[in-house]
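Engineer: Mind looking at a prediction? Sequence and model below.
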Amino acid sequence: MDELAFDCVDVRAEAYAAFPTLAFRLRVTDPSPEGVHTVALRCQIRVEPHLRRYGDTEAELLGDLFGDPARWGDTLRPLRFADVSVMVPAFTGSTEIDVPVPCGYDLEVSAGRYFAALDDGEIPMVMLFSGTVFARARGGFSVSQVPWHREARCRLPVAVWRELMDRYFPNSGWLRLRRDTLRELSRFKSGRALATWDETLELLLKETRR
């Protein structure tokens with residue numbers, strides 16, 4: 001079972017999921033003639049930010065994650081994006097499955113802040129695999145572990161991420177605030193008879209720039 005291999009062939013936004021979900025299309029290959037009964041597969045997905053270039057605006061927005069660009073040779077480290085589990089059904093030779101990954105738009109999460117800072121291009125990722133393989137064998141089944149070094153690299157288009165977020169959070173994002181901060185913002189908003197939170201923050205930004 002050491003020859004079990006994985007390739008990510010596509011990433012798309014799920015059209016009809018109840019919550020924001022990316023579907024990573026995974027090809028699983030096993031050249032043994034007996035075939036595989038099932039695989040209880042675990043997958044950790046990481047963002048590899050050092051594998052792409054960044055524009056000036058992107059670099060500015062990524063400053064709170066990675067610091068000054070002059071230090072990025074040391075600070076541009078992988079970001080953990082998701083941990084998911086999926087069952088691979090029986091196959092011989094190779095098969096393709098979808099690995100659904102639920103997503104949020106929390107800008108306090110490192111991966112969410114990273115995605116939100118990007119204008120275009122692709123997001124380099126690596127999928128790291130582990131799990132248990134149940135294979136067919138004469139007289140029954142064999143059980144083995146997915147080799148720890150198995151991985152698959154993929155690139156998520158920024159446009160796909162934006163499509164997914166726009167579908168569930170059109171032209172908006174989320175910030176979590178402490179109750180006392182929210183209370184003070186409410187007083188500011190009420191005291192100036194502002195209609196929306198957008199207007200409140202826009203006014204605060206204008207006053208800060210002055």
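Structural biologist: Good, I have the coordinates.

Engineer: Surely Phe24 is in contact with Met127?
Structural biologist: Yes - under the criterion of CB atoms under 8 Å, Phe24 makes contact with Met127 at 7.0 Å. Backbone N, C-alpha and C define where each C-beta goes, glycine included.

Engineer: What strands flank the biggest strand by length in the chain, and is each parallel or antiparallel?
Structural biologist: In the chain, taking DSSP state E as the definition, the longest strand is strand 122-137. Strand 122-137 sits in its sheet next to strand 36-47 (antiparallel), strand 140-145 (antiparallel), strand 151-157 (antiparallel), going by DSSP bridges.

Engineer: residues contacting Gly35?
Structural biologist: Contact partners of Gly35, counting by CB atoms under 8 Å, 6 or more residues apart in numbering, are Ala90, Phe91, Thr92, Gly93, Ala135, Arg136.

Engineer: so what's the backbone phi/psi at the third one?
Structural biologist: Going back to what we said before, that points to Thr92. Dihedral pair for Thr92: phi -130, psi 130, per degrees, to the nearest 10.

Engineer: That one - nearest residue in space that isn't next to it in sequence?
Structural biologist: The shortest distance from Thr92 to any non-neighbouring residue, by CB to CB, 6 or more residues apart in numbering, is to Gly35 (3.5 Å).

Engineer: in the longest strand of the chain, what counts as buried?
Structural biologist: Neighbour-count burial for strand 122-137 flags Glu122, Ile123, Pro124, Met125, Val126, Met127, Leu128, Phe129, Gly131, Val133, Phe134, Ala135 (criterion: 16 or more other CB atoms under 10 Å).

Engineer: same question, stretch 63-75
Structural biologist: For stretch 63-75, by 16+ other CB under 10 Å, it's Leu65, Phe66, Trp72.

Engineer: Out of those residues, which sit inside helices?
Structural biologist: Taking DSSP state H, the ones among the buried residues of stretch 63-75 that sit in helices are Leu65, Phe66, Trp72.

Engineer: Adding distance to Gly191 and pLDDT, write the residues you listed out as TSV.
Structural biologist: Listed next are these as TSV, based on distance: CB to CB, whole Å; pLDDT from 0 to 100:
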residue	distance to Gly191	pLDDT
Leu65	34	91
Phe66	38	94
Trp72	42	95
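
Engineer: what domains does the record give for this structure?
Structural biologist: 5-168, 179-209 (automatic domain parsing).

Engineer: any idea which of the ones you listed scores lowest on pLDDT?
Structural biologist: Across the domains of the chain, domain 179-209 has the smallest mean pLDDT, namely a mean of 88.

Engineer: separation between the spatially closest residue to Ala117 that is not a sequence neighbour and Asp119?
Structural biologist: Spatial nearest neighbour of Ala117, excluding adjacent residues (CB to CB, 6+ apart): Leu61 at 3.7 Å. As for Leu61, its distance to Asp119 is 9 Å (criterion: CB to CB, to the nearest Å).

Engineer: ok, the buried residues of stretch 63-75 vs Arg176, which is closest?
Structural biologist: Within the buried residues of stretch 63-75, proximity to Arg176 (CB to CB) peaks at Leu65, which comes in at 17.2 Å.

Engineer: hang on, the closest one packs against Phe115?
Structural biologist: No - using CB under 8 Å, Leu65 is not in contact with Phe115, being 11.1 Å away.
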